[in-house]
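Colleague: Return a 3D structure for these sequence lines:
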Amino acid sequence: MKAYVFPGQGAQYPGMGKDLYEKYPLAREMFEKANALLGFRITDTMFSGTDEELRQTRVTQPAIFLHSVVLTAVAGSTFRPSMVAGHSLGEFSALVAAGALSFEDGLALVAGRASAMQRACGINPSTMAAVLGMDDAVVEEVCASLNETVVPANYNSPGQIVISGTTEGVAAAAEELKKRGAKRIVPLSVSGGFHSPCMEPARQELEEAILKAHFSRPVCPVYQNVTAMPVTEPDMIMANLIAQLTSPVRWTQTVQRMSADGAVEFIEAGPGNVLQGLVRKINPNVAASSIEIISE
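Modeller: Numbering: from 1, shown residues only. Next comes the predicted model:
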């Protein structure tokens, strides 16, 4: 069984999507539609912008979403998923690719999500850090023991977990985790503490938008970040999507569950290859590759 996985923030790179735009009329049409819907030419930044310009939240999230969704659209009939999942932002790409959301609604939600998260960062100054070489249970225990806002945010792979929260909370947790024997603590270059209680203002904003969007039953199960479980019911998809911004991304558990449910091949649809590396660390017994486009 084939599982398609969709990357999140951090996968962007200068020039992303330019080859698709130049080669495929369908890709060009979708990119130009996105330019019109967003109200600015995101393609200019994607194709010829700098790293710094691509890191602007209002650009990064729609850009990664676009690249992923255009890839699966261009793949046409060769895109036949048995199951899909996305890492954080990538969950929106997965939902569109699986037919649960329209391209237009997906793009609007992603753009709104990016703006809401940016505003939340201004309301609640916060940050994130990667913890390497530490059992998940220890990280959970340390975060829970502190009188600060800090939580496990991304369960990326065994021995790699990201913590998120207030600047003071993340610093306190990092100090304690070093004492407990963490191999490394790596501060992340992000604008705020995503997937933590610090994102509550963004969650409230996004909830309004999600409740107004139209969700359909996807063509295959979507394994959502909040539960790491397969979902096909639109109401449950919406509820999990609303909870996502303040809940951890259970990527390790998601890949494990997809594997247990029969996935033997994981195909990354989007920029970069970060998820392929994580999949191999989580389950070395499955194949991991990038989506392939059959030339016309």
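Colleague: where are the low-confidence patches of this structure?
Modeller: Within the chain, the ranges that satisfy pLDDT under 70 run 294-296.
Colleague: redo that, cut-off 80
Modeller: Applying pLDDT under 80 to the chain picks out residues 292-296.
Colleague: tell me, which helix in it spans the most residues?
Modeller: helix 103-123 (DSSP state H).
Colleague: what's the spacing between the residue lying closest to residue 227 once chain neighbours are set aside and residue 198?
Modeller: Ranked by Cβ to Cβ, 6 or more residues apart in numbering and with sequence neighbours excluded, the top spatial neighbour of residue 227 is residue 240, at 6.3 Å. Quick note: C-beta positions are derived from backbone N, CA and C, even for glycine. Distance of residue 240 to residue 198, given as Cβ to Cβ, to the nearest Å: 20 Å.
Colleague: With neighbour numbers in mind, choose between those two.
Modeller: residue 198 (30 against 18; other Cβ atoms under 10 Å).
Colleague: Let me know whether that one touches residue 192 as I believe.
Modeller: Yes: Residue 198 is within contact range of residue 192, at 6.4 Å (criterion: Cβ atoms under 8 Å).
Colleague: Can you pull the residues that touch both of the two?
Modeller: Common neighbours of residue 198 and residue 192, using Cβ atoms under 8 Å, 6 or more residues apart in numbering, are 120-121, 124, 126.
Colleague: tell me the helices in the stretch 1-150 of the chain, going along the chain?
Modeller: Here the stretch 1-150 of the chain has its helices, by DSSP state H, counting those that start in this stretch, at 18-23, 25-38, 42-48, 51-54, 57-75, 90-97, 103-123, 136-145.
Colleague: What is the first one packed up against?
Modeller: Applying 3 or more Cβ pairs under 8 Å, 6 or more residues apart in numbering; DSSP states H and E, we find helix 18-23 packed against helix 25-38, helix 42-48, helix 57-75.
Colleague: Please name the residues that touch residue 38.
Modeller: Contacts of residue 38 by Cβ under 8 Å, 6+ apart are 62, 107, 111.
Colleague: Just name the closest of those residues to residue 32, please.
Modeller: Each of these was scored against residue 32 by Cβ to Cβ, and residue 107 proved nearest at 12.5 Å.
Colleague: Tally up the residues packed near the closest one, please.
Modeller: Residues near residue 107, counting by other Cβ under 10 Å: 23.
Colleague: go on, residue 278?
Modeller: 24.
Colleague: Regarding it, which helix or strand does it belong to?
Modeller: Assigned by DSSP states H and E, residue 278 belongs to helix 274-282.
Colleague: which parts of that helix are buried?
Modeller: Residues of helix 274-282 classed as buried by neighbour count (16 or more other Cβ atoms under 10 Å): 274-276, 278-282.
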